[in-house]
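Enquirer: Quick one: sequence plus predicted model below, questions after.
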Amino acid sequence: MIRSRAQQIARGLCQIMGRELLKGNNKTIIRPPTQTRQTPQHPWSSSSSVRTISMLHWPFTQPRDFSLPNTSWDSDMRQLYEHYNSMCEVDTEDGGKKWGPWRRLPSYNRSLKYATGGVYLSKIIHSKARLFTRSIKEQGAAFEYVMFVNKEEQKCVCVFQAGHLLEGPPGMVHGGAIATMIDTVIGTHATYLSGPVMTANLNINYCSPIPLGSTVLLTSSLDKEEGRKTFLSSQVTSTDGTKLHTEATGLFVSVTMGHLVGA
Ligand SMILES: CCCCC/C=C\C/C=C\C/C=C\C/C=C\CCCC(=O)SCCNC(=O)CCNC(=O)[C@H](O)C(C)(C)COP(=O)(O)OP(=O)(O)OC[C@H]1O[C@@H](n2cnc3c(N)ncnc32)[C@H](O)[C@@H]1OP(=O)(O)O
């Protein structure tokens, strides 16, 4: 079958990102047909389902998932990670496991680095481009974050630890870094809900500074969908939710995959 360049790229993106993000309502779980496990396999986890596929027909090697805990995470970050992660899979009455209401979204520093083959993909594969928030190698130095999505409630949360390279005012996080994280969280949430989108509008109120090195909670919720337009709002709070640091609204417009990759 002959595919257009945009179709090939879309296919590659879907494969490496897991089908769920680009088609949020698709319940397909990428899993080999012979797989029989009691533990549910999250399409977004760097779990054995992905590894199993790579041993069969998977054209990609395993990328590093930046949303997994590392030694730079402070206790707040770890506790919140554990809290939401524990709601990704829950116990059943017969002692097994089933999916819970939340999904952890894995996070890579680029989409197509790990693809092999595909003449139309090679330009992107060989590019030096990296996802901005995952481009600093030193763990804990800049953006440490993990996102979880709740499909039923149409909500997304992100636990974010702001590293020392994100300084704006002395000892505080740069407003541009906060905007980046808000765009990332609501942009990812919009993509999960609506497929490929671009940020058309972002409004931010900075209410109280975020101390450098601290962990905060970002939430994203769907306000409304109108044709190609997805409206979301976001809040950045202290981890216990008592202090409001930032609030924002965003408009995301659905685009074709060709628009997104300039095909
Ligand atoms: C989110 C990324 C998706 C990636 C998908 C791929 C893989 C997914 C994997 C992982 C996701 C990972 C990370 C996500 C991380 C970060 C997210 C970052 C997102 C960005 O950082 S992205 C860069 C900044 N972003 C731009 O660089 C956009 C430049 N821009 C344009 O590319 C066009 O401008 C576009 C496409 C926005 C619209 O253009 P267009 O021609 O397609 O559509 P058109 O203009 O007709 O607008 C249609 C309707 O939206 C209304 N509308 C438009 N703009 C408006 C505005 N500003 N205010 C109010 N309403 C507006 C119109 O009024 C009309 O409304 P109506 O239909 O009611 O008349």
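Expert: Perfect, thanks for sending it.
Enquirer: correct me, but Glu89 touches Gly96?
Expert: No: under the criterion of CB atoms under 8 Å, Glu89 makes no contact with Gly96, lying 10.0 Å away. Using the backbone N, CA and C atoms, a C-beta is placed for each residue, glycine as well.
Enquirer: ok, those two, which is more surrounded?
Expert: Taking other CB atoms under 10 Å, Glu89 and Gly96 do not tie; Glu89 has more neighbours (19 against 12).
Enquirer: Against Thr188, how distant is that one?
Expert: From Glu89 across to Thr188, the span is 21 Å (CB to CB, to the nearest Å).
Enquirer: before we move on, what about Leu260?
Expert: Separation of Leu260 from Thr188 (CB to CB) stands at 14 Å.
Enquirer: So between these two, which is more surrounded?
Expert: The neighbour comparison of Leu260 against Thr188 (other CB under 10 Å) goes to Thr188, with 19 against 15.
Enquirer: where does the closest residue to that one other than its chain neighbours land in three-state SS?
Expert: The shortest distance from Thr188 to any non-neighbouring residue, by CB to CB, 6 or more residues apart in numbering, is to Met147 (6.1 Å). Look at Met147: counting by DSSP: H, G, I helix; E, B strand; the rest coil, its state is strand.
Enquirer: How many residues are close by Met147?
Expert: Using other CB under 10 Å, Met147 has 24 other residues around it.
Enquirer: Isn't it up against Ile186?
Expert: No: applying CB under 8 Å, one finds Met147 not in contact with Ile186, separated by 10.6 Å.
Enquirer: which residues do those two both contact?
Expert: Each of Cys156 lies in contact with both Met147 and Ile186 under the rule CB atoms under 8 Å, 6 or more residues apart in numbering.
Enquirer: Can you tell me which residues in the stretch 101-250 of the chain are near the ligand?
Expert: 111, 183-184, 187-188, 191, 196-201, 227-229 (CB under 6 Å from any ligand atom).
Enquirer: Just the buried ones out of those, please.
Expert: Ser111, Asp183, Thr184, Gly187, Thr188, Thr191, Pro196, Val197, Lys229 (16 or more other CB atoms under 10 Å).
Enquirer: pLDDT and secondary structure added to those residues, as CSV?
Expert: CSV is the format used below for these (pLDDT from 0 to 100; DSSP: H, G, I helix; E, B strand; the rest coil):
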residue, pLDDT, secondary structure
Ser111, 64, coil
Asp183, 98, helix
Thr184, 98, helix
Gly187, 97, helix
Thr188, 97, helix
Thr191, 95, helix
Pro196, 93, coil
Val197, 96, strand
Lys229, 98, strand
